[in-house]
Each structure stands twice: as C-alpha cells, then as structure tokens.
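Engineer: sharing a model prediction with you, sequence too.
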Amino acid sequence: MSGSISSTSGRQEPVPAIVQRCFMEETQEAVLYFQIMDLGRQLYVWVATGGAKWNNLHLAFPSKTDPVPPVATLVPSAAAADGQSLARRLAIKLKRPVLCSCNLPTGVPLLQAIAERRLVQELTAMASAGPQAAAPATAAAAGGQVAAELTALQAQAL
C-alpha cells in the first residue's frame, strides 16, 4: 500500500509497500515455516519449526567499515547464538539490515543450513521479480494474513 507522509521539510515522501512471503519446506528433520517481509530499507525474516513461535529477535546491519556486521539482540532467548549468526550471515549476503527471529532446535546445524539456503533462494527470487511478485500488505493486515497462511501451511503438512 502506498501513501504519503510529511517530512520535516514539508515534502511528501512515498511510504513503501510491505511485501510479504510465507512458505514452508519439509525436511527429514522437521517442517520449516518461513515468513519474509521486505520493509523497504530492511528485511524481516522469521523461521521456525512446529508452528508459530517467536522467542527471539536480532538486528544485523552491514557496516562500511567492518566486514562482519554488528548484531543487536532485541528480544533475547536461550538459543540467541543461532539467530544472531543467521541474521549476520543474511546481512552479509544481502547487504541490507536484517531483523531475524530464528526459532529452530539448537544443536541441529543441518536444519539451520537448510533454512538459510531456502531464505537466500526466496529473497533472491523476490529481488529479481520485483515488488509485483508478492502481494503487498499493510502493517496492520500483515499479522492476520500471516496467521491465516501459517494455519494453511500447517494443514498442508498434516
């Protein structure tokens, strides 16, 4: 949804559309559920097994002076290292700030590698297809849409 906002200079600036994509992938270890939201200047990425869980949130942003992006933990959890490293690796690959919530079982590096590979595939496809590829959503409608898509994905997995 595009709109306009006033900046301090009085000019009207367009509000970017939020592009969202929800999908799942079945592996031998578990079913992975994904949500990607392109928020314009940054990305929000959520990945989990076993349904809708949101236990942590990390922000990684590329730096011009440091090849390793710094990561801030916004919502801590016991398995924070997995989410931090995923956020950092995505920020390096995508050269954009990444908000990441990674709710995968600890001690299963293969599952984390599969999740990262799939996220990079989808993000690359979204970037090459442009904003028309996925349905834009407003921030208010995104929550309800995500819940409906996750329910449908879980029903498919059963």
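Structural biologist: Cool, the structure landed. Numbers count the residues shown, from 1 in each chain.
Engineer: which residues are in contact with the lengthiest helix in the chain?
Structural biologist: Using DSSP state H, we find that the single longest helix of the chain is helix 109-129. Outside helix 109-129, the residues that touch it by C-beta atoms under 8 Å, 6 or more residues apart in numbering are 19, 21, 23, 25, 27, 29-30, 32, 34, 36, 38, 43, 45, 47, 49, 82, 86, 89-90, 93-94, 102, 104-105, 133-134. Where C-beta positions appear, they are placed from N, C-alpha and C, glycine not excepted.
Engineer: average pLDDT for stretch 29-40?
Structural biologist: Stretch 29-40 carries an average pLDDT of 92.
Engineer: in that stretch, what's buried?
Structural biologist: 30-39 (16 or more other C-beta atoms under 10 Å).
Engineer: so what's residue 89 up against?
Structural biologist: Taking C-beta under 8 Å, 6+ apart, one finds residue 116 in contact with residue 89.
Engineer: coming back round to it: output the longest helix of the chain as CSV - backbone C-alpha positions only.
Structural biologist: The C-alpha trace of helix 109-129 is given here as CSV (Å, rounded to 0.1, in the frame of the first residue of the first chain):
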residue,chain,number,x,y,z
PRO,A,109,23.3,-27.3,12.2
LEU,A,110,22.0,-29.1,9.1
LEU,A,111,18.5,-27.7,9.7
GLN,A,112,19.9,-24.2,10.1
ALA,A,113,21.9,-24.5,6.9
ILE,A,114,18.8,-25.7,5.0
ALA,A,115,16.8,-22.7,6.4
GLU,A,116,19.5,-20.3,5.4
ARG,A,117,19.8,-21.7,1.9
ARG,A,118,16.0,-21.6,1.4
LEU,A,119,15.8,-18.0,2.7
VAL,A,120,18.5,-16.8,0.3
GLN,A,121,16.7,-18.6,-2.6
GLU,A,122,13.4,-16.9,-1.8
LEU,A,123,15.0,-13.5,-1.2
THR,A,124,16.9,-13.7,-4.4
ALA,A,125,13.7,-14.6,-6.3
MET,A,126,11.8,-11.7,-4.6
ALA,A,127,14.5,-9.3,-5.6
SER,A,128,14.7,-10.4,-9.2
ALA,A,129,10.9,-10.5,-9.6
